[in-house]
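Enquirer: Take a look and give me a structure for this.
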Amino acid sequence: MLIKILGWFSIVIAILALAPSFVPGAMSLLAFYLSLVMLVTSIATIKRTGDFYFKTTAIVVCVGMLIINDYIRLFGSFSHATWGEKLGMYAFYMVIYIIGFLKVKRCSKPIK
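Expert: Have a look, this model is predicted:
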């Protein structure tokens, strides 16, 4: 039961972190880091509850990162953000996502 609450908590906080992503400056970066923390939290739910919470949180964080976040979105982002900084943020997401994907692969049961 506690793991399910943790899973829903990670999804809800990742969704709520989308609101400060519209604000220019440091607030959007803090929202992105909070979203990454929630993605890491959702990895903890994979073993007991499957991949639902992880995949949902990963999708919310990805949409927030690529489309909504004012600092690191692909198009129309903050003018002072360099591509190196953006790629660094995308790399953080990819590393966490790959770790979660490998855990899903390891914890999933083979279909017979």
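Enquirer: which helix is the longest one in the chain?
Expert: Looking across the chain with DSSP state H, the single longest helix is helix 83-107.
Enquirer: Counting neighbours, what do you get for the nearest residue to I68 once chain neighbours are set aside?
Expert: Nearest residue to I68, sequence neighbours excluded (Cβ to Cβ, 6 or more residues apart in numbering): S21, at 4.8 Å. C-beta coordinates here come from the backbone N, C-alpha and C atoms, glycine included. S21 sits with 24 neighbouring residues when counted by other Cβ atoms under 10 Å.
Enquirer: got it, and V40?
Expert: 14.
Enquirer: for L102, same thing?
Expert: As a burial measure, L102 scores 11 neighbours (other Cβ under 10 Å).
Enquirer: From T57, how far off is it?
Expert: In this view, L102 and T57 are 16 Å apart by Cβ to Cβ, to the nearest Å.
Enquirer: now do I11
Expert: I11 is 5 Å from T57, by Cβ to Cβ.
Enquirer: quick one: the helices in the protein?
Expert: Under DSSP H, the chain gives helices at 2-16, 26-43, 46-49, 52-63, 83-107.
Enquirer: Of all residues in the chain, which one is nearest the centre?
Expert: V61 (3.4 Å; Cα atoms, centre = their mean).
Enquirer: Just give the nearest non-adjacent residue to that one, would you?
Expert: According to Cβ to Cβ, 6+ apart, the nearest residue to V61 is S35 (4.5 Å).
Enquirer: The one you found against L66, yeah?
Expert: No - using Cβ atoms under 8 Å, S35 is not in contact with L66, being 11.9 Å away.
Enquirer: Those two: which has the busier surroundings?
Expert: S35 (27 against 14).
Enquirer: separation between the more buried one and M1?
Expert: Distance from S35 to M1, by Cβ to Cβ: 25 Å.
Enquirer: How about M65?
Expert: From M65 over to M1 (counting by Cβ to Cβ), the distance is 31 Å.
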